[in-house]
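Student: Kindly return the folded structure for what I paste below:
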Amino acid sequence: MAARTEWDLKKVRNIGISAHIDSGKTTLTERILFYTGRIHAIHEVRGKDGVGAKMDSMELEREKGITIKSAATNVFWKDIIINIIDTPGHVDFTIEVERSLRVLDGAILVLCGVSGVQSQSITVDRQMRRYHVPRIAFINKLDRSGANPFRVLGALREKLRHNAVMMQIPIGLEDQIKGVIDLVTMKACYNEGEDGETVIEKEIPAEFLEQAREYRHELIGKAADYDDIVAEKFLNEQEPTVEELREAVRKGCLSLQLTPVFCGSAYKNRGVQKLLDGVADYLPNPTQVTNEALNLDKNEEKVQIQVDAKVPLVGYAFKLEDGRYGQLTYMRIYQGTINKGDFITNVANGRKVKVPRLVKMHSDEMADIETASAGDIIALFGVDCSSGDTFTDGTLNYAMTSMHVPDAVISLAVAPKHKDGAANFSKALQKFKKEDPTFRVHRDEESSETIISGMGELHLEVYIERMKREFACEVIAGKPQVAYRETIGAAADYDYTHKKQTGGSGQFAKVVGRIEPLPIDSELPYIFENKVVGGRIPREFIPAVDKGFKEQMAKGTLIGFPIVGVKCVLTDGSYHDVDSSEMAFRICAMAAMRQAYEKANPTALEPIMKLETTAPEEFQGSVMGQINQRRGIIQGTQTIEGTVTVTAEVPLTEMFGYSTDLRSATQGKGEFTMEFAKYAAMPRGIQDELHKKYLEKRAAEQK
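Tutor: The predicted structure is shown next:
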């Protein structure tokens, strides 16, 4: 496999498939694999044959019928190579979407033809915007009762603020769906054959002609904004050619200002091949995307990556897995070429490592390759690194910008059930921590417990189950612990002198200033401002004061959780020529913080989740009643075809056991998704109760 030329690069598409849970991403990927000849039979996600979809390779994924970790594959469509990553839809595995979108050039946003834009669709869309990923939308499940692609188009425009435009309209809906009308070529496309593998183009049926003309006129009007030729023809009421129209839509899509919308039903094998044509026509190749790295030799100055196989190597390790043969590192090659046997340098620690094996992934199967170059997504064996490390050939000191890692919202105390499982227990925790940046492990020094933290109940549940299956280690889990925070409600002054006289040199430090609450929407949890003038405190001791404040904020005195939203201003102080030291100022700052914190109206904060519950309309009263009981604030309800969707904000503390209660109240028909929204002050009564418990716990420890 020789290094790629620029012409070859134009034939490459690196795309992700992202959506709300249960929108049919994995089913769609299964059809794509079948139609491109990568697999020879279609299996459903929860199929009766027990095989399960190709991309859900984990036993747990097949049992639960959900995608837990992103899986990579590559397919050939006509003369285009498409590298695909199928990502999870569940919010608990949001890091999988985050890290995939970080390295992809384009994406397919899958939407359900009935439910339309759901809570996780909004999150995924936000992630795509964060990494400037051009996307096309696919309205799936048009075979289902109540499907309406035009309502979904409206939701795309209203809820996600997309400049969305139909590229196709369906021929019939629900059980009558026969195919799609391509508004660019104005041809009706039908899927025939046992699995819809044959696409036949015919003239548009008379009953759909008027509707097709109306939507084509809208398409040309929107495309005209991005191309002068189409704009001129549109104003002169002339028809643009197929190629001119495609070029205009491509320009709009690549500028992230236009979202081409395709439709069909992956389950019923309708419209998938035309979607693949859309990927080839409208999504970018690696040369059409701007990627930046930070030049560490020039104070992290931004440099543009050259998508060229002949320049020095820059690759980004975006995902790790522990396989049967050791660590498997998924890597996106941004520039240059990598060969089997090459020595590459990990920029994070400066270590040189040899590449013993290079593979192309197809879900859990792999094919050995000798070389890979700019634009490729590959995997390496036997290279020890962390998720998010940049690799070069050693001549460049570049680091790719890192991905966004959300904070954990829930914690559990875990311990191995049997003593002989301790070694496997710690091995499992180390492996998971390395694989998943949102999975955090720490030891609570006071209680000597191992605490795991993550994005939700399901997230931690999956890791506990994986310990049992992959490491033969059964785990006892404690009661879930919510990640509370503390903050201040008012400004307060501090004036503290730290004096300690023992044999030899003593300790002396004095700090004066105030602490102030930061605005609620502040990105930073803590700000330090030094306003000391005239050398009242020597400059070398200022960082020690900052460090002391930070250390004291790690654990508040109200309920024992980290303090956030505080600005510490240092205005004055004094020192002693002999007795002052960094340690003295650090201890002084910690005590000053404690002193001021008590006077600053300390308040406890709790994580608030955005909850979206869907159930049949007849259960609306029960669903809303349950949310109100859990201190939830209902923000809106929407009824579509006999199904009600209730959106609310609910404290995470109240959400344990919700799935069981919801199922019993809706005869098993209710579903919900939730994701972290914000921190907010908790009711006084609950705060007082937690404060009392914390004081009792401290008193017990001091005995």
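Student: backbone phi and psi for residue 333, please?
Tutor: As for residue 333, its main-chain torsions (degrees, to the nearest 10) stand at phi -90, psi 120.
Student: hang on, isn't it packed against residue 378?
Tutor: Yes: if you go by C-beta atoms under 8 Å, residue 333 and residue 378 touch, sitting 6.8 Å apart. (Each C-beta comes from the backbone N, C-alpha and C, glycine too.)
Student: Spit out the residues that contact these two alike.
Tutor: Shared contacts of residue 333 and residue 378, defined by C-beta atoms under 8 Å, 6 or more residues apart in numbering, are found at residue 372.
Student: shaky segments in the stretch 351-500 of the chain?
Tutor: Along the stretch 351-500 of the chain, segments meeting pLDDT under 70 span 363-364, 402-403, 445-447.
Student: quick one: the helices in it?
Tutor: In the stretch 351-500 of the chain, the helices defined using DSSP state H, counting those that start in this stretch lie at 422-435, 457-471.
Student: Which of these has the highest mean neighbour count?
Tutor: Comparing those by mean neighbour count (mean count of other C-beta atoms under 10 Å), helix 457-471 ranks first with a mean of 19.
Student: Can you list the low-confidence ranges for the stretch 1-150 of the chain?
Tutor: 1-7, 21, 40-71, 86-94, 96, 119.
Student: quick revisit: need the helices of the stretch 351-500 of the chain in CSV with distance to residue 531, can you?
Tutor: As requested, the helices of the stretch 351-500 of the chain are exported to CSV (distance: least, C-beta to C-beta, whole Å):
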stretch, distance to residue 531
helix 422-435, 40
helix 457-471, 43
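Student: wait, which of those is closest to residue 583?
Tutor: When the helices of the stretch 351-500 of the chain are compared by C-beta to C-beta, helix 422-435 sits nearest residue 583, at 31.9 Å.
Student: Now that closest one - C-alpha only, CSV.
Tutor: Only the C-alpha atoms of helix 422-435 are listed here, as CSV (Å, rounded to 0.1, in the frame of the first residue of the first chain):
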residue,chain,number,x,y,z
ALA,A,422,-7.9,-7.5,44.8
ALA,A,423,-5.1,-7.7,42.1
ASN,A,424,-7.6,-8.0,39.3
PHE,A,425,-9.7,-5.3,40.8
SER,A,426,-6.9,-2.7,40.7
LYS,A,427,-5.8,-4.0,37.2
ALA,A,428,-9.4,-3.4,36.0
LEU,A,429,-9.6,0.1,37.5
GLN,A,430,-6.2,1.1,35.9
LYS,A,431,-7.3,-0.2,32.5
PHE,A,432,-10.7,1.5,32.6
LYS,A,433,-9.2,4.8,33.8
LYS,A,434,-6.7,4.8,30.9
GLU,A,435,-9.4,3.9,28.3
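Student: That helix - contacts with which helices or strands?
Tutor: strand 314-323, strand 410-416, strand 440-444, helix 457-471 (3 or more C-beta pairs under 8 Å, 6 or more residues apart in numbering; DSSP states H and E).
Student: Can you list the neighbours in contact with the shortest one?
Tutor: The contact list for strand 440-444, computed with C-beta under 8 Å, 6+ apart, reads 408, 413, 429, 432, 433, 449, 450, 451, 452, 453, 454.
Student: Describe which strands that strand pairs with in its sheet and in which direction.
Tutor: strand 449-454 (antiparallel) (DSSP bridges).
Student: and the partner strand, how far out from the chain's middle?
Tutor: Remark: strand 449-454 is offset 21 Å from the chain centroid, using C-alpha atoms, centre = their mean, to the nearest Å.
Student: same thing with stretch 395-408?
Tutor: With C-alpha atoms, centre = their mean, you get 14 Å for stretch 395-408.
Student: Over to stretch 151-159?
Tutor: 23 Å.
Student: same question, stretch 672-682
Tutor: 16 Å.
Student: Okay, buried residues for it please.
Tutor: For stretch 672-682, a neighbour-count test (16 or more other C-beta atoms under 10 Å) marks 672, 673, 674, 675, 676, 679, 682 as buried.
Student: quick revisit: out of the contacts of strand 440-444, which is most surrounded?
Tutor: Greatest neighbour count in the contacts of strand 440-444, by other C-beta atoms under 10 Å, goes to residue 454: 25 neighbours.
Student: Tell me who's in contact with the residue lying closest to that residue once chain neighbours are set aside.
Tutor: In space, and not counting its chain neighbours, residue 454 is closest to residue 460: 4.8 Å by C-beta to C-beta, 6 or more residues apart in numbering. With contact set as C-beta under 8 Å, 6+ apart, residue 460 has these partners: 410, 412, 452, 454, 477, 480.
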